[in-house]
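*Asks:* What follows is a protein structure lacking sequence information:
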């Protein structure tokens, strides 16, 4: 691997507005504190106050009071706050890029993906929410005589638990439609990346968001997570499948809805007519963005036997040319893992695969010379189903290569997992690629792209099948899930019962004849 001049030893630690941001955490007067550390260097970032169950109760009380007033405002007024945030986010992006990089260890171009995603989400719901949420006429029980209208109401207070890997996208990105729909939000971000969420809250308040509408509590997930979920009117969770099951059970016990975006073991299928240069370049992004710590990242790659060697030649050359560095410039291709836990998982998966006979085509080792949590982008061959790296989510810069000769076989193998989050198909024949895509068991499938085309389509739903979760973000589904549907039906002229002077038998015969006529006329 080639390295940039700015390695971990010389990385500049930016000055972050820590004191201002931590004041927005909901805590008591004498909270315990936890220190977060920069993945690049291990240096301290901030001492964050930790919230208690009582603080969560306070957060919900404040949020409920603010939500009642917020819901009374027109949708256009609510949306305008986030359109202003769109502009301020783009204008002040250097601030949040520094914070994201400091907290996650990702390189700047991957941090910018989050800015781009949130800007797209703000614009989409800022412009479309009014249409999504408007009242709609529906078919009544009896044509002309019955008027039915579907009305949408906010759920109330949404409990949102967000992860560390994409701390801007997966915190404010889900809060945007929730709040535009008229809800308040009580959020527990991951402690490691809490400053990112707190920065978004700080800037949104400048843009006109009511002070108490978005409450942020900080603490260990098993400690205060249940308190956040236990008081919510709707739950939005992004994280592991194991924890997602627990969240779903807790929400179900209260008959509260939940949206869960969970793990993935995402597959990429390279068909024999693929543009090899384009596929190899795209595979690098698909596998190693944010050091592979991305729920939609590709971890399994199925390559047709006819093109396997020339494709791998191009792909491996690009992987081996990646620039690894700890720094805040734009000249690095991949950064650090976020924690020792992630590094241990990656190391365990690769070492076990190697011991059981897999071949490391490139990478396969930690790089403490760059920083305490660096690991080289790694490509494995000869991976068998009994290896952890084959079936478990690695969530790191590791991809396994498999060969196929029959497309049906490739589809079956790509679908041979309990997960179903994201997939990728590469071919010059886009119609053929779309046909293959529809056969893949995944909530999003990208043709000639790894993940960004589908995830960045803010008007289209994004989410998982199977063990990858429930519900969708983005598009109409991404905002309507935060609402309750109500039908208001008005009956006119006559009741839906036998009118005066007609027996029940005569009434039933009259309705039977009417039903037959309406079907004949094509009435819906």
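*Replies:* Thanks, I have the structure now. Note that this is a predicted model, so its numbers are computed, not measured. Residues are numbered from 1 along each chain as shown.

*Asks:* Can you point out the buried residues in stretch 16-33?
*Replies:* By 16 or more other C-beta atoms under 10 Å, the buried positions in stretch 16-33 come out as 16, 18, 21, 22, 24, 25, 26, 27, 31. Bear in mind the C-beta positions are built from the backbone N, C-alpha and C, glycine included.

*Asks:* Hmm, which of those is lowest in pLDDT?
*Replies:* Ranked by pLDDT, the buried residues of stretch 16-33 bottom out at residue 16 (86).

*Asks:* Low-confidence regions, this protein specifically.
*Replies:* The chain contains residues with pLDDT under 70 at 1-13.

*Asks:* tell me, what residue is most central in it?
*Replies:* The residue lying closest to the centre of the chain (C-alpha atoms, centre = their mean) is residue 170, at 5.3 Å.

*Asks:* Quickly note the distance from the spatially closest residue to residue 491 that is not a sequence neighbour to residue 385.
*Replies:* Closest residue in space to residue 491, ignoring its immediate chain neighbours: residue 146 at 5.6 Å, by C-beta to C-beta, 6 or more residues apart in numbering. Using C-beta to C-beta, to the nearest Å, residue 146 is found at 58 Å from residue 385.

*Asks:* Residue 380 sits in which helix or strand?
*Replies:* According to DSSP states H and E, residue 380 maps onto strand 378-381.

*Asks:* Tell me which of residue 146 and residue 385 has more neighbours.
*Replies:* Between residue 146 and residue 385, counted using other C-beta atoms under 10 Å, residue 146 has the larger neighbour count: 16 against 7.

*Asks:* so the more buried one sits right up against residue 140, yeah?
*Replies:* Yes: with contacts counted by C-beta atoms under 8 Å, residue 146 reaches residue 140, the gap being 3.0 Å.

*Asks:* Quickly list what's touching both of these two.
*Replies:* residue 489 (C-beta atoms under 8 Å, 6 or more residues apart in numbering).

*Asks:* Mind listing what's buried along the strand or helix carrying residue 252?
*Replies:* Taking DSSP H and E as the definition, residue 252 sits inside helix 241-253. Of all the residues in helix 241-253, those buried under the rule 16+ other C-beta under 10 Å are 241, 243, 244, 246, 247, 248, 250, 251.

*Asks:* Could you do stretch 488-508 as well?
*Replies:* Across stretch 488-508, burial judged by 16+ other C-beta under 10 Å covers residue 498.

*Asks:* beta partners for the nearest residue to residue 152 once chain neighbours are set aside?
*Replies:* Closest residue in space to residue 152, ignoring its immediate chain neighbours: residue 483 at 4.3 Å, by C-beta to C-beta, 6+ apart. Judged by DSSP bridges, the bridge partners of residue 483 are residue 154.

*Asks:* Next one: residue 483 from residue 71, what distance?
*Replies:* Distance from residue 483 to residue 71, by C-beta to C-beta: 11 Å.

*Asks:* Comparing these two, which residue is more hemmed in?
*Replies:* residue 483 (20 against 15).

*Asks:* got a list of what the more buried one touches?
*Replies:* 133, 152, 153, 154, 155, 181, 182.

*Asks:* And for residue 82?
*Replies:* Here residue 82 is in contact with 122, 125, 126, 176, 179, 180, 204, 207 (C-beta under 8 Å, 6+ apart).

*Asks:* Equivalent analysis for residue 100, please.
*Replies:* Here residue 100 is in contact with 106, 111, 114, 167, 168, 193, 196 (C-beta under 8 Å, 6+ apart).

*Asks:* 7 Å - rerun?
*Replies:* 106, 111, 114, 167, 168, 196 (C-beta atoms under 7 Å, 6 or more residues apart in numbering).

*Asks:* Identify the spatial nearest neighbour of residue 294, chain neighbours not counted.
*Replies:* Residue 294's closest residue in space is residue 165 (C-beta to C-beta, 6+ apart), at 6.4 Å.

*Asks:* should've said residue 357
*Replies:* Nearest one to residue 357, counting by C-beta to C-beta, 6+ apart, is residue 382 at 6.1 Å.

*Asks:* you'd agree the one you found is up against residue 356?
*Replies:* No: using C-beta atoms under 7 Å, residue 382 makes no contact with residue 356, being 9.1 Å away.

*Asks:* which residues in the stretch 1-150 of the chain form helices?
*Replies:* 18-22, 53-71, 75-91, 93-104, 108-133 (DSSP state H, counting those that start in this stretch).

*Asks:* Export those as CSV, with columns for distance to residue 42.
*Replies:* Below are those laid out as CSV (distance: least, C-beta to C-beta, whole Å):
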stretch, distance to residue 42
helix 18-22, 17
helix 53-71, 29
helix 75-91, 29
helix 93-104, 12
helix 108-133, 19
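
*Asks:* Can you tell me the element residue 348 falls in?
*Replies:* helix 340-355.

*Asks:* So for that helix, what gets flagged as buried?
*Replies:* 342, 343, 345, 346, 347, 349, 350, 353, 354.

*Asks:* so how far is it from its chain's centroid?
*Replies:* 25 Å (C-alpha atoms, centre = their mean, to the nearest Å).

*Asks:* Same question for stretch 391-406.
*Replies:* 21 Å.

*Asks:* what about that stretch, start to end distance?
*Replies:* End-to-end distance of stretch 391-406: 22 Å, with C-alpha to C-alpha, to the nearest Å as the criterion.

*Asks:* before we move on, what about stretch 84-101?
*Replies:* With C-alpha to C-alpha, one end of stretch 84-101 sits 24 Å from the other.

*Asks:* Tell me, how many residues neighbour residue 224?
*Replies:* 21.

*Asks:* ok, residue 124 to residue 150 distance?
*Replies:* Taking C-beta to C-beta, one finds residue 124 at 22 Å from residue 150.

*Asks:* still on that earlier bit, which one of the helices of the stretch 1-150 of the chain has the most crowded surroundings?
*Replies:* Greatest average neighbour count among these goes to helix 93-104 (a mean of 22), per mean count of other C-beta atoms under 10 Å.
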